[in-house]
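Asker: sequence and predicted structure are below.
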Amino acid sequence: MDFDLSWILLGLPLAFVLGWLASRLDLRQLRIENHQAPKAYFKGLNFLLNEQQDQAIDAFIEAVQSDPDTSELHFALGNLFRRRGEYERAVRVHEHLLSRGDLNLLDRQRAQHALALDYLKAGLLDRSEEALLKLEGTPFEAQARLALLANYERSRDWLHAAQIAQKLEHANQGSFQCRLAHYLCEQAAESITAQEPEQAKSLLQQALATAPEAARPRLDLAQLLARQGRPEEAYLLLEKSLQSSPAAIPLIAAPLTAYAIACNRAPEALTLLKTRYVLTPSLDVLDAIVALEGLHNGPTPAARDWYVHHLERDPSLVAAAKWIAGEKLEHEKFHPQVQRALDQAIKPLMRYRCAACGFEAQQHFWQCPGCQAWDSYPARRIEEL
């Protein structure tokens, strides 16, 4: 069969014309889509990049009104409302998303997670818990569990907090042993308040087994034993803490001294604290040494000389003020005024400061009252940081 070349000659121009028409139609469709795209959306993005949240919200509202079916606009608007603290409006946006029947599964789960965060930020803990529990088995499960953990901690529901922490640890989301020990210590504190010392002791022993190197279980258990009239057991327990929790020695020094005096182990405790002071000097260990040195003879010069030794190692206004308090000045009549001024000056230096948020307090906290972080307070005073 002969092949007719005339068909090729006719087909080439036809193919060219069809290709040209197709490209024109594509360009026309692109222009139509660009024309239909909400300009307010791009205005909102511009305002957001320039950190003008009020104008961005107005622009996104306009964009949502122009294109109510776009879920991304709703998510952006809801997140902006939450960041501004307008939780009620954020809830309405995310509830509207969840009520839509055309929303795909991933966006529905995303909206559920956003709604739970709205409730959590608004302080509606019951509603946030209910919303977060619905995210089990979804891609947002890990984030939901972390939010649930914060939720239970805020409501002091330590049993449920422990369950969530264990799930997170089993899912390789980090180590939660120290936090689990804190939960047990918190439950023990509640048992002590409820006059249930044996229950508290059992919980503290569990905490010690959960986190053997943590300082809090031993400190709390020693305090409980001392209240029960067993200071020697309390002393021996804290003596072990000097080795297992060296970073917490400044917190251990004062109760260790009190229990040592109560069970006639003051010389032994003094030797231990002197050894620890040489390795890691601190103001609290220094005070404990001075107290034990002057136990029988009162505040002798030899005892107060420890403050001078400390000043030779570290320039410390606190140590200087405490040394001057026991010294006789040349103009003794002005001593009270000078001492009062020094005591006032060292007050801020004797506080503890959260390493996470900077919240300062006169007492040491295991959980920061400001940012709710655990173990964020160093055992040392502000002057020593």
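Answerer: Thanks, I have the structure now. Numbers count the residues shown, from 1 in each chain.

Asker: which ones are touching the closest residue to residue 231 other than its chain neighbours?
Answerer: If you skip the residues right next to it in sequence, residue 231 has residue 262 as its closest partner in space, 3.8 Å away by C-beta to C-beta, 6 or more residues apart in numbering. No exception for glycine: its C-beta is placed from N, CA and C like everyone else's. The neighbourhood of residue 262, defined by C-beta atoms under 8 Å, 6 or more residues apart in numbering, consists of 226, 231, 235.

Asker: buried stuff in the one helix or strand residue 153 maps to?
Answerer: If you go by DSSP states H and E, residue 153 is part of helix 141-154. Using 16 or more other C-beta atoms under 10 Å as the test for burial, helix 141-154 gives 141, 144, 145, 146, 147, 148, 149, 150, 151, 152, 153.

Asker: format those residues as a markdown table; extra columns: pLDDT and distance to residue 325.
Answerer: As requested, the buried residues of helix 141-154 are exported to a markdown table (pLDDT from 0 to 100; distance: C-beta to C-beta, whole Å):
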| residue | pLDDT | distance to residue 325 |
| --- | --- | --- |
| 141 | 91 | 58 |
| 144 | 91 | 55 |
| 145 | 92 | 52 |
| 146 | 91 | 49 |
| 147 | 90 | 50 |
| 148 | 91 | 51 |
| 149 | 92 | 46 |
| 150 | 89 | 45 |
| 151 | 89 | 48 |
| 152 | 91 | 46 |
| 153 | 91 | 41 |
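
Asker: farthest-separated two in those residues?
Answerer: Farthest apart among the buried residues of helix 141-154 by C-beta to C-beta are 141 and 153. That separation is 18.7 Å.

Asker: mind exporting the helix or strand residue 127 falls within as CSV, just the C-alpha atoms?
Answerer: Counting by DSSP H and E, the element that carries residue 127 is helix 125-133. Included here for helix 125-133 are C-alpha records, laid out as CSV according to Å, rounded to 0.1, in the frame of the first residue of the first chain:
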residue,chain,number,x,y,z
LEU,A,125,-10.2,22.7,80.4
ASP,A,126,-13.2,20.3,80.3
ARG,A,127,-14.0,21.2,76.7
SER,A,128,-10.4,21.1,75.6
GLU,A,129,-10.0,17.7,77.2
GLU,A,130,-13.0,16.4,75.3
ALA,A,131,-11.8,17.8,72.0
LEU,A,132,-8.2,16.5,72.5
LEU,A,133,-9.4,13.0,73.3
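
Asker: ok, for residue 139, nearest residue in space, not its chain neighbours?
Answerer: Counting by C-beta to C-beta, 6+ apart, residue 139 lies nearest to residue 109, which is 6.7 Å off, once chain neighbours are set aside.

Asker: pLDDT value on the one you found, please?
Answerer: In this prediction, residue 109 carries a pLDDT score of 90.

Asker: give me the distance from the helix or strand encompassing residue 220 to the chain's centre.
Answerer: Element membership of residue 220, judged by DSSP H and E, is helix 215-227. Put simply, helix 215-227 sits 24 Å off its chain's centre (C-alpha atoms, centre = their mean, to the nearest Å).

Asker: for it, packing partners?
Answerer: Packed against helix 215-227, as judged by 3 or more C-beta pairs under 8 Å, 6 or more residues apart in numbering; DSSP states H and E, are the following elements: helix 177-193, helix 197-210, helix 231-244, helix 249-262.

Asker: tell me the domain ranges of this protein?
Answerer: If the domains of the chain are taken from automatic domain parsing, they occupy 69-171, 347-385, with pieces of a single domain joined by a plus sign.

Asker: so where's the stretch 1-150 of the chain uncertain?
Answerer: Judged against pLDDT under 70, the low-scoring parts of the stretch 1-150 of the chain cover residues 1-70.
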